[in-house]
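J.: For reference, the sequence and a predicted model appear below.
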Amino acid sequence: MTADYLTSVKKQFEYYKLLGEKTFAQLPDEALFWQYNPESNSIAIIVKHLWGNMLSRWTDFLTTDGEKEWRQRDAEFDNDIRTRDEMLAKWEQGWSCLFVALDSLIPENWDQTVYIRNQGHSIMEAINRQLAHYPYHVGQIVFIGKMVQNEKWTSLSIPRGNSQGYNAEKFAQPKHNAHFTDEYLKPDQK
């Protein structure tokens, strides 16, 4: 593991956090709690699950198992969040826990083994596991947002039918390295 890897994964996590937030911003409050059917999750339920997972995985990341005894995973899927503010507080608390844990990593602990459900992971494996998990759920959040907003949805990437013009504009510019810069977080970078 290297400092460049940590910088890269932080940017990836920040990007997916931003996609969720850009989705929330487009939706009326009631849409955050809408479920396609009783077996599907609302955006609020998905946020609650992410919150529970993040707190469990990243609290005392280097010293305790990532599946905490206090975690109530099944309850994460109860639809008991009532307001946008309550949902956003959980969203922020979960992401904050993740970023604090990532910021605590130093070269002296990069080779440490961490455990999730008693299974050993390198720190990089543990990070990659969550880097696959969280975008999966953020994609669900975005998809629900698109379904709810329908024609009122504002694309978070290249709008349908605009790929050729977008690419022409990008290729008309000189090559540049967007790695590890804030430019990576701009929606037009996707």
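T.: Received the coordinates, thanks.
J.: Show me what the one helix or strand residue 54 maps to is packed up against.
T.: Following DSSP states H and E, one finds residue 54 within helix 43-58. In terms of contacts (3 or more C-beta pairs under 8 Å, 6 or more residues apart in numbering; DSSP states H and E), helix 43-58 is packed against helix 3-26, helix 84-103, helix 123-149. C-betas here are computed from N, CA, C, even on glycine.
J.: Okay, buried residues for that helix please.
T.: Across helix 43-58, burial judged by 16 or more other C-beta atoms under 10 Å covers 43-58.
J.: just how off-centre is that helix within its chain?
T.: 10 Å (C-alpha atoms, centre = their mean, to the nearest Å).
J.: pLDDT wise, what is the residue of the chain most remote from its centre at?
T.: Here the chain reaches farthest from its C-alpha mean at residue 172, the gap being 31.9 Å by C-alpha atoms, centre = their mean. pLDDT for residue 172: 88.
J.: quick one: residue 27 from residue 153, how far?
T.: 10 Å (C-beta to C-beta, to the nearest Å).
J.: Look at those two and report which has more neighbours.
T.: Set residue 27 next to residue 153 and count neighbours by other C-beta atoms under 10 Å: residue 27 wins out with 19 against 16.
J.: Just give the nearest non-adjacent residue to the more buried one, would you?
T.: Of all residues not flanking residue 27 in the chain, residue 145 sits nearest, at 5.7 Å (C-beta to C-beta, 6 or more residues apart in numbering).
J.: Tell me, what's the model's pLDDT at that neighbour?
T.: For residue 145, pLDDT reads 97.
J.: what's near enough to touch it?
T.: 23, 24, 26, 27, 31, 43, 153 (C-beta atoms under 8 Å, 6 or more residues apart in numbering).
J.: just checking, residue 112 touches residue 125?
T.: No. Contact criterion C-beta atoms under 8 Å: residue 112 and residue 125 do not qualify, at 11.6 Å.
J.: Okay, domains of this structure per the record?
T.: Split into domains by automatic domain parsing, the chain comes to 3-155, 157-190.
J.: tell me the most buried of the ones you listed?
T.: domain 3-155 (a mean of 16; mean count of other C-beta atoms under 10 Å).
J.: Any idea how far apart the tips of that one sit?
T.: Taking C-alpha to C-alpha, to the nearest Å, domain 3-155 runs 33 Å from one end to the other.
J.: pLDDT check: weakest of the contacts of residue 145?
T.: Pick the lowest pLDDT in those and you get residue 153, at 91.
J.: re earlier: make TSV out of the helices and strands packed on helix 43-58 and add distance to residue 72.
T.: Shown next, in TSV, are the helices and strands packed on helix 43-58 (distance: least, C-beta to C-beta, whole Å):
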stretch	distance to residue 72
helix 3-26	22
helix 84-103	13
helix 123-149	18
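J.: Which stretch among those helices approaches residue 71 most closely?
T.: helix 84-103 (12.2 Å; C-beta to C-beta).
J.: who does the helix or strand following the closest one pair up with?
T.: Following helix 84-103 in sequence order, the next helix or strand is strand 113-116 (DSSP H and E). The pairing partners recorded for strand 113-116 under DSSP bridges are strand 119-122 (antiparallel).
J.: That concludes my questions; thank you for your assistance.
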